[in-house]
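K.L.:
pasting the structure only:
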DNA sequence: CGGCATGTTGCGCA
DNA sequence: TTGCGCAACATGCC
């Protein structure tokens, strides 16, 4: 369940384990699990996140976790059986009590890496729009250099880490900007609207995810256009269109998401 | 059965 | 060197 807000929810859950000692890590999955250093025996000091990457800081080591498309972490008692699609099990102990963190991932696009130093993927991430804020001048400069559609550029993790397909679609709808607009044609005001749009959808999705954690009942997803192709635009009533950009689906309103772009 | 999916990487080609 | 399109990864769901 991964985009910035979902990963943030997972981070908060794992942060409950701060101060614990890693007592055991097990995985038979060579695709997901990459052991570059031994971290067993290390004490978990901090659970960080930038974009979609989780970074567990230990005394004498690091653990990086990426949820791919279908990854998730669940805290269980150590005696509980393996979960369906469980790929990694990490047991930690604090004051004699053992908690077993289970990483599940049906599609196995995720990664779990134990290492002694920061990995390239982490170092190459841009700022996190939620934790670090959005430097609009930098975003504009980045956009100015590209010819691709703004929607595709927003998915570049070196621009703003954590923006995925849904957030990009929703932010552009919030900003009333056509996702096909060549990035280089955006102006400062467009970038300002996109920044506002991103902050809004991140806040909205986080709030939704927080409710989901508590109330088990079904809550309506907070998305205005993602998953709503062929339905009326919530703003103007025009039928929402679905297109493919860079191999990913995009939904948008052909009427109110125009800005200054013309085909 | 066919098509689509909240992500990323790697390959071939212009 | 760079950018782009697309397949691949693996599985569930509609």
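P.N.:
Good, I have the coordinates. Note that the structure is predicted; figures quoted are calculated from it, not measured.
K.L.:
flag every residue of chain A that's near DNA strand C.
P.N.:
Along chain A, the residues adjacent to DNA strand C under the rule Cβ under 7 Å from any atom of the strand are A:31, A:69, A:85, A:106-109, A:145-148, A:246-247. (C-beta placed from N, C-alpha, C; glycine too.)
K.L.:
let's see that with 6 Å instead.
P.N.:
Applying Cβ under 6 Å from any atom of the strand, we find that chain A lies next to DNA strand C at A:31, A:106, A:107, A:108, A:109, A:147, A:148, A:246, A:247.
K.L.:
residues in contact with the closest residue to DNA strand C within the stretch 1-150 of chain A?
P.N.:
Nearest residue of the stretch 1-150 of chain A to DNA strand C, counting by Cβ to the nearest atom of the strand: residue A:107, 3.8 Å away. Contacts for residue A:107 were tallied using Cβ atoms under 8 Å, 6 or more residues apart in numbering; they are A:68, A:69, A:70.
K.L.:
re the thing from before, by neighbours, which of the residues of chain A next to DNA strand C wins?
P.N.:
Using other Cβ atoms under 10 Å as the contact criterion, the top neighbour count among the residues of chain A next to DNA strand C goes to residue A:148, which has 17 neighbours.
K.L.:
distance of it from residue A:117?
P.N.:
Between residue A:148 and residue A:117 the distance, using Cβ to Cβ, to the nearest Å, works out to 33 Å.
K.L.:
before we move on, the earlier item: now go through the contacts of residue A:107 and say which are in helices.
P.N.:
Counted as lying in helices by DSSP state H, out of those, is not a single one.
K.L.:
list only buried entries from these.
P.N.:
Judged by neighbour count, with 16 or more other Cβ atoms under 10 Å as the criterion, the buried members of the contacts of residue A:107 are residue A:68.
K.L.:
dump the contacts of residue A:107 into CSV; add distance to DNA strand B and pLDDT as well.
P.N.:
Putting these into CSV (distance: Cβ to the nearest atom of the strand, whole Å; pLDDT from 0 to 100) gives the following:
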residue, distance to DNA strand B, pLDDT
A:68, 5, 94
A:69, 4, 92
A:70, 8, 93
